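> Sequence plus the predicted model coming up.
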Amino acid sequence: MNLILDQGNSSVKVGVFNSGELLLSERWKALSEKKLMMLMERFTIKQALCSSVAVEEAVLLKTLKKYVPIVKTWSTTDPLPLDNCYKTPETLGKDRLAACIGANFLAPDQNLLVIDAGTAITYDVVNANNQYVGGSISLGLDMRRKALNHFTKRLPLVNLQDEIPLIGTTTEEAILSGVVNGLVGEIDGFISNLGGVYPKLLVFLTGGNTKYFEKRIKNCNFAVPDLVLIGLNRILTFK
């Protein structure tokens, strides 16, 4: 079995795979040795891959090596299941590329748009030749609502809700409408524009804020919350 740890900007995502099957997916606030010990009691972990965009991987490695026989890391400049055509691969976010590798694993030889709705929202393209082409980075939901509060004197910091009005009848509702529906419009625009360039484009949606968009955007083919973990497991079995 494989253990995958993906350290993001605000949490660590943990996955346990048996071959290609995801047996467990959890989100922790931070890496916990107690939780790791509990995982090792439940599963026979043979190897692990740790990936981080937020902290030094040496910290993760030191902890993991106490419990897992084989621990690996990876770089966006390594040989990978996708050809990386990014001009500056050393600056490419690991989570972006891992999500694309996951989507390509699920739908090979297809034109893909991978949308990761997390702290930032990213749009990344994989072509039908199994090449990572590149993408775009924009402000995510949390950044947008916090920016409205921070850069104005009177707009409150609102909490996200499941029900988002199209037209707000209070200031709080107006902020929610603008933040969520504005981002829906942005997403739909990217899908429409890229669909004109890449025929039969398949759209994958992932990330912590997936639930706010999967039923609101027009042309989402697959909502896969664990797409990054799937990609990282593919990288581990490829290495």
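Noted; the coordinates are in hand. Here the structure is a predicted model, which means the values were calculated and not measured.

> now Val180: how far from Val203?
Val180 sits 18 Å away from Val203, going by Cβ to Cβ, to the nearest Å. (Each C-beta comes from the backbone N, C-alpha and C, glycine too.)

> now Gly140
Taking Cβ to Cβ, one finds Gly140 at 18 Å from Val203.

> likewise Thr77?
Distance, Thr77 to Val203, using Cβ to Cβ: 27 Å.

> One more: Val12?
27 Å.

> residue contacts, Ser52?
Applying Cβ atoms under 8 Å, 6 or more residues apart in numbering, we find Ser52 in contact with 6-7, 60, 94.

> Name whatever forms a beta bridge with Ala117.
Ile121 (DSSP bridges).

> what about it, neighbour count?
When neighbours are defined as other Cβ atoms under 10 Å, Ala117 has 24 of them.

> Now do the contacts for it.
When contacts are counted by Cβ under 8 Å, 6+ apart, Ala117 touches 140-141, 205-210, 212-213.

> Next secondary structure element downstream of the one helix or strand in the chain whose mean pLDDT sits lowest?
Least confident helix or strand of the chain, by mean pLDDT, DSSP states H and E, is helix 57-64 with a mean of 78. Counting by DSSP states H and E, the next helix or strand C-terminal to helix 57-64 is strand 70-72.

> Now tell me what touches that following strand from outside.
With Cβ under 8 Å, 6+ apart as the test, strand 70-72 has contacts from 46-50, 61, 64-65, 236, 239.

> let's see 10 Å
Residues outside strand 70-72 that contact it (Cβ atoms under 10 Å, 6 or more residues apart in numbering): 2-3, 5, 45-51, 57, 60-65, 235-236, 239.

> where does this structure have low pLDDT?
54-56 (pLDDT under 70).

> What ranges does it have for its strands?
Assigned by DSSP state E, the chain shows strands spanning 2-7, 12-18, 21-28, 47-52, 70-72, 83-84, 112-117, 120-126, 131-139, 202-206, 222-223.

> Partner strands of the last one and their direction?
Strand 222-223 has the following strand partners under DSSP bridges: strand 202-206 (parallel).

> Run the angle between the partner strand and strand 112-117 for me.
20 degrees (axes from the mean of the first three to the mean of the last three Cα atoms, to 10 degrees).

> Strand 202-206 vs strand 120-126, what angle?
Going by the same axes, to 10 degrees, strand 202-206 is angled at 150 degrees with respect to strand 120-126.

> hey, C-alpha coordinates of strand 202-206 in CSV?
Extracted C-alpha coordinates of strand 202-206, given in CSV (Å, rounded to 0.1, in the frame of the first residue of the first chain):
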residue,chain,number,x,y,z
LEU,A,202,-12.9,17.6,-20.7
VAL,A,203,-13.1,19.7,-17.6
PHE,A,204,-12.0,18.4,-14.2
LEU,A,205,-12.8,20.3,-11.0
THR,A,206,-11.0,19.7,-7.7
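
> Count the neighbours of the closest residue in space to Lys211 that isn't next to it in sequence for me.
Nearest non-adjacent residue to Lys211, counting by Cβ to Cβ, 6 or more residues apart in numbering: Asp162, 7.6 Å away. Counted by other Cβ under 10 Å, the residues lying close to Asp162 total 6.

> Is it correct that Asp162 is in contact with Arg216?
No. Using Cβ atoms under 10 Å, Asp162 is not in contact with Arg216, being 11.4 Å away.

> In contact with the residue nearest to Ala147 when sequence neighbours are not counted: list those residues for me.
Counting by Cβ to Cβ, 6+ apart, Leu139 is the residue found nearest to Ala147 once chain neighbours are left out, at 7.1 Å. By Cβ under 10 Å, 6+ apart, the residues touching Leu139 are 119-121, 145-147, 179, 183, 186.
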